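In: let's see this in three dimensions:
(chains A and B)
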Amino acid sequence: MDKDIEQILTRYKGKKQSIIMILQDIQDKYNYLPQDVLKSLAKRLDIPLSKIHSIATYYKSFSLKPRGKHLIQVCLGTACHVRGGQRILEEIERELNIRAGETTNDLIFTLETVNCVGACALGPVVVINGNYHGQMRTTKVSKQTC
Amino acid sequence: MKITITIDWKTAKTERRTPIIKVAEELGIKIPTLCYNEQLEPYGVCRLCTVEVVKGKRTRFVTACNYPVEEGLTIYTHSEKVMQIRRLIIESLLALCPDVKILQSLAKELGVKELRFEKGKEDCIKCGLCVRMCEEIVGLSAISFADRGVDRKVITPFDLPSDICIGCGACSFVCPTKSIKMELKAGDRFRSLPGNERFCRYAIMGIIPNALCANSFRCWKCEVDQRFIEQLNTHPIFLSKKRKTKEVKDYITFLHKIRR
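Out: Numbering: from 1, shown residues only, chains lettered A, B, ... in the order given. Here you go, the predicted model:
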């Protein structure tokens, strides 16, 4: 584990100001930010742990809890909302048996809501692993999650 | 180079870039604040110290705690517009934390009678005094803000008992709403140390060198503690900043020892 951190740190020359990029790389590696990794990172970079914790909780794209292999983001922005984004979310919640913000027990899916992905003309939009699926319908949901 | 400014029809000569609040204080003008402490970096977050600044033909509303003065400013600290702003601020704060004494008395002072907003149940106004205190004076950053927006809160990392907190109580001391309270538990980590390493918290802060604790960290029963509080009228940690010397370094190495 320490090896992984060292590898990431050398990429950024161990600079304090690269903390966000370093956290992003750690998140890519583990799919979330593990507590002990953050602790050793704090020691290594000489930044107080509380500061790192602040950054990690400030940005929504960082997660302190383990996340699933696949990330499902349901857009609930204004346009998607009026086109039934809420219904899509509820359908996915039923399908996976989790609530928004949670991860399935087998660590395969994480369900999140987002407030706009900039593709309002396609609404309601669901983003799965970075791929945009427009004009979502409740009937299309189970096809995507299989 | 001295410059001249006018505050509430009184003229004052002062250094450039002094915060308005300091100049006002010298003139004996009281500006209410909640997030300002002379010894800490201004944060400008409670907005209660808002004043009206006239510069040429323009009028602006700025926070007095972090607005640097410049030549020819005219400042009004209690104009009707300023009071209106302050009333709204205190009304919002009081709606967030309805049971906080200092907010209640400030509201009374400013003439806020009824709350138009939904009442909350909090007692922290996110002024950041504790966070700045722990970072700037104590030098540890054992606590900081987490999350953002309405969920923003002051916690230790991961909301677990901190392993670097020295239990100095400075955060609790500066908290204007008394939201942070000291617990007996804070001393547990020190109580588990061997006898010759159980330094008094004032020794840890670097104020009295090498004194051991004789009261098993029940500071409220301690004679040394009482004397400090009586004499200083402020938190002793402020002393340790002034003597940023070997002793402070000692206490940091001591902390690393505890952390182990």
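In: tell me the average confidence for stretch A:103-123?
Out: What stretch A:103-123 shows for mean pLDDT is 90.
In: just the buried positions in that stretch, please.
Out: Of the residues in stretch A:103-123, A:103, A:109-114, A:117, A:119-120, A:122-123 count as buried by neighbour count, 16 or more other C-beta atoms under 10 Å in any protein chain shown. All C-beta atoms are positioned from the backbone trio N, CA, C, and that covers glycine.
In: list the contacts for A:Ile26?
Out: Counting by C-beta atoms under 8 Å, 6 or more residues apart in numbering or on different chains, A:Ile26 touches A:4-5, A:8, A:33, A:37, A:41.
In: against B:Thr6, how distant is B:Thr63?
Out: Distance from B:Thr63 to B:Thr6, counting by C-beta to C-beta, to the nearest Å: 19 Å.
In: and B:Asp147, by the same measure?
Out: Distance check for B:Asp147 against B:Thr6: by C-beta to C-beta, it reads 43 Å.
In: now do B:Arg116
Out: To B:Thr6, B:Arg116 is 35 Å away according to C-beta to C-beta.
In: could you point out which of the contacts of A:Ile26 is nearest to B:Arg87?
Out: Minimum distance to B:Arg87 across the contacts of A:Ile26 is 42.9 Å, recorded for A:Leu33 (C-beta to C-beta).
In: and that closest one, helix, strand or coil?
Out: Look at A:Leu33: counting by DSSP: H, G, I helix; E, B strand; the rest coil, its state is coil.
In: cool, and A:Leu111?
Out: strand.
In: of the buried residues of stretch A:103-123, closest to B:Ser192?
Out: Closest to B:Ser192, out of all of the buried residues of stretch A:103-123 and judged by C-beta to C-beta, is A:Thr103, at 36.9 Å.
In: so who does that closest one touch?
Out: Taking C-beta under 8 Å, 6+ apart as the test, what A:Thr103 contacts is A:65-68, A:109-111.
In: show me what contacts the spatially most central residue of chain A?
Out: Centroid-nearest residue in chain A, with C-alpha atoms, centre = their mean: A:Ser61, separated by 4.9 Å. With contacts taken as C-beta under 8 Å, 6+ apart, A:Ser61 has the following neighbours: A:24, A:27.
In: checking my notes, it in a strand, right?
Out: No: counting by three-state DSSP, one finds A:Ser61 to be coil, located in no strand.
In: measure the nearest residue to B:Asp147 once chain neighbours are set aside to B:Gly28 for me?
Out: Closest residue to B:Asp147 apart from its sequence neighbours, by C-beta to C-beta, 6 or more residues apart in numbering or on different chains: A:Thr57 at 4.9 Å. Per C-beta to C-beta, A:Thr57 is found 43 Å from B:Gly28.
In: neighbour-wise, which of these two wins?
Out: Comparing A:Thr57 with B:Gly28 by other C-beta atoms under 10 Å in any protein chain shown, the one with more neighbours is A:Thr57, at 23 against 7.
In: are we agreed that the more buried one is in a helix?
Out: Yes: counting by three-state DSSP, A:Thr57 is located in a helix.
In: pretty sure it is in contact with A:Lys65, am I right?
Out: No: with contacts counted by C-beta atoms under 8 Å, A:Thr57 stays clear of A:Lys65, the gap being 11.4 Å.
In: that'll do, ta.
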